[in-house]
Each structure stands twice: as structure tokens, then as C-alpha cells.
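Novice: dropping the sequence and predicted coords here.
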Amino acid sequence: MTANRRFRSVTRIGPVQVGTSYEGRGREKHNTAACTAPRCGFSADYDSRAAAELAARTHRCPVR
């Protein structure tokens, strides 16, 4: 099953992308941070945009 989410306000901090998703009625649903490096696998949902950006800034990929 795939999730069809629309992300707005997508920013890139290093290899990590931070985006905000909205539900069908236009309310903010959650903030996500996901690493785009190959074989990294880091992604997480956060309650606030600030928390997602902090995770993106402090993320270190274990894959080299």
C-alpha cells in the first residue's frame, strides 16, 4: 500500500529533506525528515517543523 501524500514547504539540509504534509481539509498533519543518501534509510515524523529541522541538522549517515 502506498501513501499518496502531498508535501509542501520542502527544504533540503545536507542529504536530508524536510517537508510538511497536509490532510485533505488543508490542516497540517505532520512534519517529516528523510535522508536521500543511498542505503541510509533514515526517516521520521515529528510534531513540529523545528524538531524535524533539528533532526536533519544533526543526522549523520552511517553508510559511507
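Specialist: Received it, and whenever you're ready, just let me know what you need.

Novice: tell me which element residue 24 is part of?
Specialist: Taking DSSP states H and E as the definition, one finds residue 24 inside no helix or strand.

Novice: the strands in the chain, which residues?
Specialist: Taking DSSP state E as the criterion, the chain contains strands spanning 7-13, 16-22, 28-35, 43-46.

Novice: can you give me the buried ones in the first one?
Specialist: Spelled out, it's strand 7-13. Neighbour counts over strand 7-13 (16 or more other Cβ atoms under 10 Å) mark residue 13 as buried. From N, CA and C alone the C-beta is placed, and that goes for glycine too.

Novice: now the second one
Specialist: Neighbour-count burial for strand 16-22, with 16+ other Cβ under 10 Å as criterion, is recorded at 16-21.

Novice: relative to that strand, what are the paired strands and their orientations?
Specialist: strand 7-13 (antiparallel), strand 28-35 (antiparallel) (DSSP bridges).

Novice: is it possible to get a markdown table of the ones you listed that adds mean pLDDT?
Specialist: Listed next are the strands paired with strand 16-22 as a markdown table, based on pLDDT from 0 to 100:
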| stretch | mean pLDDT |
| --- | --- |
| strand 7-13 | 85 |
| strand 28-35 | 84 |
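
Novice: adding distance to residue 55, write those strands out as a markdown table.
Specialist: As requested, the strands paired with strand 16-22 are arranged in a markdown table below (distance: least, Cβ to Cβ, whole Å):
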| stretch | distance to residue 55 |
| --- | --- |
| strand 7-13 | 9 |
| strand 28-35 | 5 |
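
Novice: which stretches of this protein have low pLDDT?
Specialist: Scanning the chain for pLDDT under 70 picks out the ranges 1-6, 26, 28, 63-64.

Novice: can I assume residue 29 is in contact with residue 8?
Specialist: No: contact criterion Cβ atoms under 8 Å: residue 29 and residue 8 do not qualify, at 10.8 Å.

Novice: overlap in contacts, the two.
Specialist: Common contacts of residue 29 and residue 8 (Cβ atoms under 8 Å, 6 or more residues apart in numbering): 21-22.

Novice: need the strands of the chain in a markdown table with distance to residue 57, can you?
Specialist: Compiled in a markdown table, these are given as follows (distance: least, Cβ to Cβ, whole Å):
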| stretch | distance to residue 57 |
| --- | --- |
| strand 7-13 | 6 |
| strand 16-22 | 8 |
| strand 28-35 | 10 |
| strand 43-46 | 13 |
